[in-house]
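Colleague: Dropping a prediction and its sequence here:
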Amino acid sequence: MAQSHPLCLCPPPSPSCKPITNTTLISSHYLHIPSKSLLHAPRFSLRTLQEPKHDNPLPKSSSFSKNSIWVNPKSPRPKHLLHNSHQPNLRKLANSLDSCNPTHQHVSQILKPLGDYVSERDALLILDSMVNPYTALLVLNYFQQKINPTRHVVLYNVTLKLFRQVRDFNGAEKLFDEMFQRGVMPDRITFSTIISSASVCSLPHKAVEWFEKMPSFGCEPDKNMYSFVISAYARLGNADMALKLYDRAKAEKWHIGTVAFSALIKMFGMSGNYDGCLSVYNDMKVLGAKPNLMLYNALLYAMGRGKLARKAKAIYEEMINNGFSPNWPTYAALLQAYCRARFGRDALSVYREMKEKGMDMDIVLYNMLFDMCADVGCADEAIEIFKDMKSSGTCQPDSFTYASLINMYSCKGKIAEIEAMLNEMIESGFEPNIMVLTSLAHCYGKAKRTDDVVKTFNQLLDLGISPDDCFCDCLLYAMTQIPKEELGKLTGCIQKANPKLWSVIRYIMEKQEDSEDFRKEAFELLSSIDDDVKKSMCNCLIDLCVNLDVPDRARDLLDVGLTLEIYRDLQSKSQTKWSLHLKRLSVGAALTALIVWINDLSRALESGEELPPLLGINTGHGKYKFSDKVLPTVFESYLKELKAPFHKATDKAGWFLSNGEAATSWLQSRGSTEIVAALNSKVVGVSTVALSH
């Protein structure tokens, strides 16, 4: 009965290799310090080796005899020799070995025609022609008993290559363990093969581990190895080592494979260094390396993370022009780039192209689309996509899906639709979370349905959810919308939700005169809340001041916002133009900033300074959240009533421009005090809208 062959068999004792009585593989931790037997084993001098080619796992040696010269099995020459050799047909032998019963007896029977003497060339050609590394272990053991031990490292290298081909890295490591036990000294080709095996098996930590072992075995890496190692360090996030080796490879003009460029791009993308991604991409083109689809996808994904949609679009067009066809990851990366940058038309185009090609969308891509649609106002498109999602059979809405659509209806102010979507969400087994209830409170506040806002707040508490800064901001927003006589219904909610916010609101409602205490309270509040709602809450507080006719507190809040850099770059000055930038301010905050700016202009004139040739007011053009261009519309009306010499620019949306002479004449004829008083009289009691919601 045939006995199964262990992983590796020991050859008979030889003068240069001590016999091993235990064939169990040693623990890998012995690899860090060579054993005594390994130190006394016969060694190759690296000086006798010719530099290997990149795809050649075997070294050439100048010491071979004419009859035993080694031939690179990757070149066309050995294929010719296989057909013209006087030896038995080596390829047929290799095929027979691949399919035979993997036992020592069967392998010996197949190789018996080679005779007692086996040339190294024939052994290498047979091993290189095989595809089954597990049977190759038996063949390796057979040849070790026939070939001089000083050449065993070459046989091991070819066998290691077979484990790389089948992506069995554990098998490759075990084979190296046997080399260690037998006293066979590995060479750089051994390490190159193992490191490349770790790379193709997606084990970057192993590639680095084996690379760092090389010095302890007296081996130096060759230039063809660095591409794999750069990739490994980059995938592990070790930027220092990856870039150190990358810079050296560029300086010494070593080969850098596409896999290394891709890994570096991913590394930079994950760290948020998007300029680094583009720099690597440019390096690759300068060095003449050809990008593949995987590299393009990595670059597109990085551009998406960085919201660099225009860069992503240009890279995608270049990819198509270079003959590549987009696959699912390509479209997913593009969709992320367009959705994050709020390129609605491009995102919807990618979605439709995916559907035309029969590509399924996953829940992440659907939700990105819904979130983008909610932000830019593509309500009809979102509903169409929602219906398609439910009928797809491959993906169903989750809680985030419903939250995004409810948020979309909330921004639109469609109460019936938002309530219907909420009911569908609950029927689908999802409880409303704080995102949903925040959108609901915002919608009710915009519709001036105070009691429903209070009801939503109580529902939040009943579910055991603590109001966050965003929910408190919606309560405050509702206060800017409802009649003054109903404000008391919401103050109790705010007092429970955020005592600091209530303290600031009380100053405003009671019209207290202590400016310093108010500024201190407002500073502490706005310093403590989430960055995402700082501007919105400051806008709403100023709106409340405007509605309740306390303009001094509004200016205090604007000043606190400037101090905390909530409002940045409100004014800009050059020799030819002074501008006021009001984009993403609420109407109350924008008008308060206009009052301060007019006072600044008047003081400049009083001090003898001349106004520049051009003055401009930038209100933005209402791109986000169904804003309906509220701020530009309000400003156009107010500037006309004030007879201000600012006129809507025809070539710049949201800009109102005036020349310096006209503005000077206007300010001097009416005076800043009269203008500010007129502005205050016009904004008092106006129901304002915070565009940042």
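Modeller: That came through fine. Residues are numbered from 1 along each chain as shown.

Colleague: Only C-alpha atoms from now on, for both contacts and neighbour counts.
Modeller: OK.

Colleague: Check what pLDDT residue 374 gets.
Modeller: Residue 374 carries a pLDDT value of 87.

Colleague: again but with residue 315, I slipped
Modeller: 95.

Colleague: give me the low-pLDDT residue ranges for the stretch 401-550 of the chain?
Modeller: Low-confidence segments of the stretch 401-550 of the chain (pLDDT under 70): none present.

Colleague: All the helices of it, in order from the start?
Modeller: Secondary structure of the stretch 401-550 of the chain (DSSP state H, counting those that start in this stretch): helices located at 415-427, 434-446, 450-462, 469-481, 487-497, 499-509, 515-528, 531-547.

Colleague: Pull the distance from the fifth one to the chain's centre.
Modeller: Put simply, helix 487-497 sits 41 Å off its chain's centre (CA atoms, centre = their mean, to the nearest Å).

Colleague: Just the angle for that helix relative to helix 450-462, thanks.
Modeller: 20 degrees (axes from the mean of the first three to the mean of the last three CA atoms, to 10 degrees).

Colleague: ok so, going back, same list (the helices of the stretch 401-550 of the chain) but as a markdown table, adding mean neighbour count and distance to residue 575.
Modeller: Shown next, in a markdown table, are those (neighbours: other CA atoms under 10 Å; distance: least, CA to CA, whole Å):
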| stretch | mean neighbour count | distance to residue 575 |
| --- | --- | --- |
| helix 415-427 | 16 | 50 |
| helix 434-446 | 24 | 43 |
| helix 450-462 | 17 | 50 |
| helix 469-481 | 25 | 39 |
| helix 487-497 | 16 | 47 |
| helix 499-509 | 18 | 40 |
| helix 515-528 | 16 | 34 |
| helix 531-547 | 25 | 30 |
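
Colleague: Of all those helices, which one comes closest to residue 318?
Modeller: The closest of those to residue 318 is helix 531-547. By CA to CA, the value is 36.1 Å.

Colleague: Just the CA coordinates for the helix or strand following the closest one, please, in CSV.
Modeller: Where DSSP states H and E defines the elements, the next helix or strand beyond helix 531-547 is helix 551-563. Presented in CSV, the C-alpha positions along helix 551-563 are these (Å, rounded to 0.1, in the frame of the first residue of the first chain):
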residue,chain,number,x,y,z
PRO,A,551,-29.8,95.0,16.9
ASP,A,552,-27.1,95.6,19.5
ARG,A,553,-27.2,92.0,20.5
ALA,A,554,-27.1,91.0,16.8
ARG,A,555,-23.9,92.9,16.3
ASP,A,556,-22.5,91.3,19.5
LEU,A,557,-23.2,87.9,18.1
LEU,A,558,-21.7,88.8,14.7
ASP,A,559,-18.5,90.0,16.5
VAL,A,560,-18.4,86.7,18.5
GLY,A,561,-18.8,84.8,15.3
LEU,A,562,-15.9,86.7,13.8
THR,A,563,-13.7,86.1,16.9
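
Colleague: Helix 551-563 relative to helix 499-509, how many degrees between them?
Modeller: Using the same axes, to 10 degrees: helix 551-563 against helix 499-509 is 140 degrees.

Colleague: neighbouring strands for the next helix or strand after helix 551-563, and are they parallel or not?
Modeller: Going down the chain from helix 551-563, the next helix or strand is strand 571-573, by DSSP H and E. Take DSSP bridges as the rule and strand 571-573 pairs in its sheet with strand 577-581 (antiparallel).

Colleague: Out of the helices of the stretch 401-550 of the chain, which gets nearest to residue 255?
Modeller: Comparing the helices of the stretch 401-550 of the chain by CA to CA, helix 531-547 comes nearest, at 46.4 Å.

Colleague: That closest one packs against which elements?
Modeller: helix 469-481, helix 499-509, helix 551-563, helix 587-606 (3 or more CA pairs under 8 Å, 6 or more residues apart in numbering; DSSP states H and E).

Colleague: got a list of contacts for the helix or strand that the longest one is followed by?
Modeller: Heading C-terminal from helix 587-606, the first helix or strand you meet, by DSSP H and E, is strand 614-618. Residues lying outside strand 614-618 but in contact with it, judged by CA atoms under 8 Å, 6 or more residues apart in numbering, are 576-583, 646, 654-660, 663.

Colleague: buried ones in stretch 605-613?
Modeller: For stretch 605-613, a neighbour-count test (16 or more other CA atoms under 10 Å) marks 611, 612 as buried.

Colleague: Put the alpha carbons of it into CSV.
Modeller: Only the C-alpha atoms of stretch 605-613 are listed here, as CSV (Å, rounded to 0.1, in the frame of the first residue of the first chain):
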residue,chain,number,x,y,z
LEU,A,605,-14.5,108.5,4.4
GLU,A,606,-14.5,110.5,7.6
SER,A,607,-10.8,109.7,8.1
GLY,A,608,-10.0,111.1,4.6
GLU,A,609,-9.6,107.8,2.9
GLU,A,610,-11.0,107.4,-0.7
LEU,A,611,-13.1,104.4,-1.6
PRO,A,612,-11.7,102.2,-4.4
PRO,A,613,-13.1,102.3,-8.0
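
Colleague: chain center to it, what's the gap?
Modeller: Its chain's average C-alpha position is 50 Å from that of stretch 605-613, according to CA atoms, centre = their mean.

Colleague: same thing with stretch 96-107?
Modeller: 49 Å.

Colleague: one step back: which one of the helices of the stretch 401-550 of the chain lies closest to residue 221?
Modeller: helix 531-547 (49.7 Å).

Colleague: and the closest one with helix 469-481, angle?
Modeller: 20 degrees.

Colleague: Give me the most central residue, this structure.
Modeller: residue 305 (4.3 Å; CA atoms, centre = their mean).

Colleague: how much space between the nearest residue to it once chain neighbours are set aside and residue 365?
Modeller: For residue 305, ignoring the flanking residues on the chain, the nearest one in space by CA to CA, 6 or more residues apart in numbering is residue 337 at 6.7 Å. To residue 365, residue 337 is 11 Å away according to CA to CA, to the nearest Å.

Colleague: Next: residue 400.
Modeller: Counting by CA to CA - residue 400 and residue 365 are separated by 12 Å.

Colleague: what's the helix or strand for the residue nearest to residue 309 when sequence neighbours are not counted?
Modeller: The shortest distance from residue 309 to any non-neighbouring residue, by CA to CA, 6+ apart, is to residue 337 (5.2 Å). Using DSSP H and E, residue 337 falls within helix 328-340.
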